[in-house]
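# Turn this into a model:
(chains A, B and C)
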Amino acid sequence: MIPTSYYLILSAILFGLGMIAFVFKRNIITIFMAIELMLNAVNLAFVAFSTAFGKSDGEVFVLFVIVVAAAEAAVGLGIIILTARNRRSLNVERVDLLKL
Amino acid sequence: MSEFLHQYAFLIVPIIKVAILVLVVLTVDAYLTWLERKVIAHIQARWGPHRVGPHGLMQPLADGLKFIFKEDPMPANVDKPAYFIAPFVALMLALTSLAVIPFGPQKFTLWGYESSLGIADVNISLLVLFAITALGVYGVALAGWASNNKYSLLGGLRSSAQMISYELALTLSVVGVLLIAGSFSLREIVEQQGTSNLGFLSWNLFGFGHGIGFTQIIGFSCFFIAAIAETNRVPFDLPEAESELVAGFHTEYASMKFAMFFIGEYTSMVAVSCLATILFFGGWLSPFPASWTFTYYVPSLLFIPFGLWMIYDGIHYENIFGRIVLPGIGTVLTVVGIALILFPPANHLLQGLFWFALKVFIFMFVYIWMRGTLPRFRYDQLMSFGWKFLLPVSIANVVLTSAVILWRMH
Amino acid sequence: MNASLAIFFVLAAVAVAAAVSLILQRHPIHSALSLIVVMVALAGLYLLMGAEFVAAVQIIVYGGAVMVLFVFVIMLLNAGEEEHTNFSKLAAYAGIPMAVAVAGLIAAAITRSTLPPAQDPTALTSTKSLSMLLFQDFVYPFELTSFLILVAILGAIVLAQREGN
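Sure thing, here's the model as predicted:
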């Protein structure tokens, strides 16, 4: 028997690490991956609560989160490709002017 | 000692099964290369390897020694972690996919631990297989990327795009079987095909016998075509063909790493063939109805003439080594066949395994036959075939099967 | 310390190590590989909790499709290593301890509250109950997500068109 709080603390740690990566990294794709890490941490918390209480509602919500993350990844990466083509750099600190 | 075995049996028995399975699969892979070269050679009206040992049977051994002794170069400026990991990932995933496949119906108890013929018997074995197939893309993509070579990168990207496209059709073509069986567990899918007494007509391919079935011929065709594309075999092997992109994603790999890719490809072929037999061809069920108990002697009826023919062929072989080895193997086969007739318990045990192995062997032969016969697709033809034809047909199969099931349940 | 607790600690350690590796790696492709390791470790944790269908979906969809998309984009854009710029040292010296403090605060709050019941690794969530929920109680969000995917596909196609087409 594993206490549910262990899973929740792990989820909090992963979320914090995702936040640190989001703030400190400069490559737009790595920042996007940090967002995916945060979504995964939240999924872990959802499944932990869902299996602790015995209801499957949390797992259904996890399926929805995965689907939404996939759609967001598709469109987001499309935008990243276009921006990278226009500005010839993947560094977010270069994208700070409206003019190219 | 016995106390230790009983306490840790839950760990020791699977380890023994894994060791046996890996040994068997690697030997099968090695002799698959031999079979492929012989069959393609005979299709092309030549002999294939026939000097190294009788009928070229020692050729895989010679190839293995060559791979061990060859130099293993590493090109400059490669991405070292990815370059090392890619072949391991390809091989490891292919071997792991064999862990959830049930090989026979028997359950046995060893040192107080009950297990079945198959390493892991999980509820979602089909989903596990799909997960491993989905992860198999990384072996190819990483290999193409890490090689620091334009042709490898292009070949790797093309190959992974192809694998992802056909993965959808592969997964959807199986949904019909899932609807009929009502479970993700491969063991239950096979057992459900054996409930009626109609022999091969109750396999999912034909679908008679149980009340809510529907023939899965469309599903099987989509599955087999998508599986050939998944394993990068002819006619879908453009990304690794020699006349196209040098050798595609494994251009810069030599010796042991190339051998790992090679073995991974053959093992995934074996895994996909096992999956096709389990899902559509009744797995370990014999094609004769279960009440015809005299058909239990069919394996012996196949072993004994084959063994006698090998003895006869071996006696007239050209060199002395062949004149000893071939009759030896033939004698072993004949003795096994006679022993199966004389000892019914052993016969009963081997029935399931024999039919399973025979069906998988037929699928491997069809794979090799197609390699010798068909030309390969161009890349845009390949992608449009996968997305515009195979995927809609798979979806139509799902709709049709569910319509028939609803109508029959009415 | 029984077997499931040991497996939990191993998987949790792998997940945290891979997440730290995502931050520390310089090349985005190595960060992507670390993220794949995190996802597989999380799928293992879902299996440990008994949510087998979610674990399989996590690997198939997240690990086998979304991350492949990331890896493709990194390979196609030929993303190089991160440039070395002088970011604010204050952010590193004050920010990381503060992040650790916030995480510790959350952990303390979790352990002191009325806890949800403990996990039972042997209780499997049946796929049948999950699909009953999905197609009966949650059928409206389900259809909406299919619409969302359609919109995403259209958006990706529009974005991928070349200029002047």
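
# Over to residue B:233. Which of the three states is it?
State at residue B:233, reduced to three classes by DSSP: H, G, I helix; E, B strand; the rest coil: coil.

# what number of residues lie near it?
22 (other Cβ atoms under 10 Å in any protein chain shown). All C-beta spots, glycine's among them, are computed from the backbone N, C-alpha and C.

# ok, now residue C:81?
Per other Cβ under 10 Å, the neighbour tally for residue C:81 reads 12.

# my read is it is in a strand, agree?
No - counting by three-state DSSP, residue C:81 is not part of a strand but coil.

# So for the residue nearest to it when sequence neighbours are not counted, what's the pLDDT?
Ranked by Cβ to Cβ, 6 or more residues apart in numbering or on different chains and with sequence neighbours excluded, the top spatial neighbour of residue C:81 is residue C:26, at 4.5 Å. Looking at residue C:26, its pLDDT reads 86.

# just residue B:202 next, same as before
Note on residue B:202: pLDDT of 76.

# measure it to residue B:150 for me?
Going from residue B:202 to residue B:150 by Cβ to Cβ, to the nearest Å gives 53 Å.

# contacting residues for residue B:383?
Residues in contact with residue B:383 (Cβ atoms under 8 Å, 6 or more residues apart in numbering or on different chains) are B:161-162, B:165.

# should've said residue B:332
Residue B:332 makes contact with residue B:307, according to Cβ under 8 Å, 6+ apart.

# which bits of chain C sit near chain B?
Residues of chain C lying near chain B by Cβ under 8 Å from any Cβ of the partner chain: C:27, C:29-30, C:33, C:36, C:40, C:43, C:52-53, C:56, C:59-60, C:63-65, C:68, C:71-72, C:75-76, C:124, C:127.

# separation between the closest residue to chain B within chain C and residue B:224?
In chain C, the residue that lies nearest chain B is residue C:64 (2.6 Å; Cβ to the nearest Cβ). Residue C:64 is 21 Å from residue B:224, where distance means Cβ to Cβ.

# number of nearby residues for the residue nearest to residue C:81?
Neighbour tally, residue C:26, other Cβ under 10 Å: 14.

# for residue B:90, same thing?
Quick note: residue B:90 (other Cβ under 10 Å) scores 27 neighbours.

# Which pLDDT value goes with it?
90.

# who's in contact with it?
Residues near residue B:90 by Cβ under 8 Å, 6+ apart: B:136, B:139-140, B:143, B:260-261, B:264-265.

# ok, and the closest non-adjacent residue to it?
Residue B:90 sits nearest to residue B:139 (Cβ to Cβ, 6+ apart), 3.2 Å away.

# can you map out the strands along chain C?
Using DSSP state E, chain C contains no strands.

# Spatially central residue in it, please.
Nearest to the geometric centre of chain C sits residue C:39, at 5.4 Å (Cα atoms, centre = their mean).

# Can you report how many residues neighbour the residue lying closest to that one once chain neighbours are set aside?
Leaving aside its chain neighbours, residue C:39 sits nearest to residue C:63 (4.7 Å; criterion: Cβ to Cβ, 6+ apart). For residue C:63, the tally of surrounding residues (other Cβ under 10 Å) stands at 24.

# which residues does residue C:63 contact?
Per Cβ under 8 Å, 6+ apart, neighbours of residue C:63: B:131, B:134-135, C:36, C:39-40, C:43.

# For those, which two are the farthest from each other?
Distance extremes for those: the farthest pair is B:131 and C:36 at 12.5 Å, using Cβ to Cβ.

# Count the residues that sit near residue C:113.
Close neighbours of residue C:113, defined as other Cβ under 10 Å, add up to 10.
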